[in-house]
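Asks: predicted coordinates and the sequence they were generated for:
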Amino acid sequence: MKKVYFLLPIIMLVFLTILSCKSDDDNGVDVIPPNDRGEQAVVDQLIIEKYLETHFYNYEEFANPPADFNFNIVMDTIAGENATKIPLIDQVSSKTVNDRLEEDVSYTLYYLSAIEGEGDSVAFPDICTITYEGTSLYEKTVLSDVDENNDGVIDNNDLKEVYPTELFDAAVTPVRFDLTRVVNGFQDTMIEFKTSTSGPMEQPDGTITYSDDFGVGVMFIPSGLGYFASTPAGSGIGAYNELMFTFKLFQSEIGDQDDDSVISIMEDLNGNGFEEDDDTDEDGFPNFADPDDDGDGTLTKDEILTQDYIVNITQGESEPTLASNEYEIERVESVNSEGDDIVTITTITLTDTDDDGTPDYLDTDNS
């Protein structure tokens, strides 16, 4: 199963079929198959790299932030008075990401870390609080105002490639995103960043703020990790467009999308960092979205044990020693009425009634 959700939660992704003209023979339609995913990956990488080679971002402001700096990433073309700027290609990081549909296809996913963040790391099934701008990227050939072919004449034979970007989605105030419900490239990038160390904090005017050590970056997503040929209806994104997202990462919450008390990162049984391909009972619903993982008629949450440990740090209490089949899934810090620092640790125990090495919630023999 492949996630292809638009970033705005209120907009549902519509799968588009690209159709040719009607046939004169049968008054039907000829379905045009989508591009080869491997071949399109090569095209996408070239376009993204050309953009990175010809553009820069406001790195000087990030290096020496002015007093009123908003930490927004701004990108521009390397030309004219900006001809000596350092190109993005020399400042980005990259990682290899496998295609979710075809095992022999992989992508180079480029991302820029203007600020990594100093808070918590993000896991791939987490729910993140962010602001962002999403733009589509594509290559376009246009007439040039310089002698591109060096024939001594500026005419219609002088062409150049440009890389227009079009805004299709944005949130200027923090919003929550479930990383299992966004395009894969977005999810694959967010795990490289960290949150702020504190917040949210409500200000007198009602606005919500975070400490200014949050993560700030931009991702450059090939179409195979984006919408590929099936773009959201009304989005303005073209088929096979590459995507760019600038973002600020403020907060992250542990994901338990099916509310079965087994956090979703633990439902990645094969450990490949993808949540879509672990389906114990093969019912078409991956474990992270299945409240009865083994399909035995007993809910997963009824086949495990949960427990809360309350530890008074101020009084010198020690944290519990967990059993070999017991796992911490949440930790909350607070202050009690006496002013003592308290840590509440929530754990789950994966019981194995028949002692066959398979936890009850994944074992159809125990229900």
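Replies: Cool, the structure landed.
Asks: all helices for this structure, in order.
Replies: Listed in chain order, the helices of the chain (DSSP state H) span residues 37-54, 59-63, 184-190.
Asks: return the most buried member of the ones you listed.
Replies: Among those, ranked by average contacts under mean count of other Cβ atoms under 10 Å, first place goes to helix 184-190 (a mean of 25). Using the backbone N, CA and C atoms, a C-beta is placed for each residue, glycine as well.
Asks: now that one: average pLDDT?
Replies: Averaged across helix 184-190, the pLDDT comes to 97.
Asks: distance to Ile73 for the helices of the chain - can I get that in TSV?
Replies: Formatted as TSV, the entries for the helices of the chain read as follows, by distance: least, Cβ to Cβ, whole Å:
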stretch	distance to Ile73
helix 37-54	14
helix 59-63	8
helix 184-190	13
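Asks: wait, which of those helices is closest to Gln257?
Replies: helix 184-190 (12.9 Å; Cβ to Cβ).
Asks: ok, back up a step: identify whichever of the helices of the chain lies nearest to Tyr163.
Replies: The closest of these to Tyr163 is helix 37-54. By Cβ to Cβ, the value is 4.6 Å.
Asks: can you name every helix or strand that the closest one contacts?
Replies: Packing contacts for helix 37-54, counted by 3 or more Cβ pairs under 8 Å, 6 or more residues apart in numbering; DSSP states H and E, involve strand 106-115, strand 127-137, strand 215-221, strand 242-253.
Asks: of all the helices of the chain, which lies closest to Tyr110?
Replies: helix 37-54 (6.1 Å).
Asks: picking that back up, now mean pLDDT too, for the helices and strands packed on helix 37-54, in JSON lines please.
Replies: Shown next, in JSON lines, are these (pLDDT from 0 to 100):
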{"stretch": "strand 106-115", "mean pLDDT": "98"}
{"stretch": "strand 127-137", "mean pLDDT": "95"}
{"stretch": "strand 215-221", "mean pLDDT": "98"}
{"stretch": "strand 242-253", "mean pLDDT": "97"}
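Asks: dump these into JSON lines; add distance to Arg100 and mean neighbour count as well.
Replies: Below are the helices and strands packed on helix 37-54 laid out as JSON lines (distance: least, Cβ to Cβ, whole Å; neighbours: other Cβ atoms under 10 Å):
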{"stretch": "strand 106-115", "distance to Arg100": "11", "mean neighbour count": "20"}
{"stretch": "strand 127-137", "distance to Arg100": "20", "mean neighbour count": "22"}
{"stretch": "strand 215-221", "distance to Arg100": "13", "mean neighbour count": "25"}
{"stretch": "strand 242-253", "distance to Arg100": "16", "mean neighbour count": "24"}
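Asks: export the ones you listed to JSON lines and tack on distance to Asp260?
Replies: What follows is the helices and strands packed on helix 37-54, written out as JSON lines (distance: least, Cβ to Cβ, whole Å):
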{"stretch": "strand 106-115", "distance to Asp260": "31"}
{"stretch": "strand 127-137", "distance to Asp260": "16"}
{"stretch": "strand 215-221", "distance to Asp260": "29"}
{"stretch": "strand 242-253", "distance to Asp260": "16"}
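Asks: to Glu275, which of these lies closest?
Replies: Between Glu275 and the helices and strands packed on helix 37-54, the tightest spacing by Cβ to Cβ is seen for strand 127-137, at 13.0 Å.
Asks: tell me the angle the closest one makes with strand 215-221.
Replies: Orientation check (axes from the mean of the first three to the mean of the last three Cα atoms, to 10 degrees): strand 127-137 against strand 215-221 gives 50 degrees.
Asks: going forward, the N-terminal residue is numbered 711.
Replies: Shifting the count to begin at 711 puts that one at strand 837-847.
Asks: lowest-pLDDT helix or strand in the protein?
Replies: Scoring the helices and strands of the chain by mean pLDDT, DSSP states H and E places strand 729-732 at the bottom, with a mean of 41.
Asks: what's the closest of the helices of the chain to Asn808?
Replies: Closest to Asn808 of the helices of the chain is helix 894-900 (Cβ to Cβ; 9.8 Å).
Asks: packing partners of the closest one?
Replies: Other elements packing on helix 894-900 under the criterion 3+ Cβ pairs under 8 Å, 6+ apart are strand 803-808, strand 816-825, strand 925-931, strand 952-963.
Asks: please state the offset of that helix from the chain centre?
Replies: A distance of 3 Å separates the C-alpha centroid of helix 894-900 from that of its chain, computed with Cα atoms, centre = their mean, to the nearest Å.
Asks: cool, thanks, talk later.
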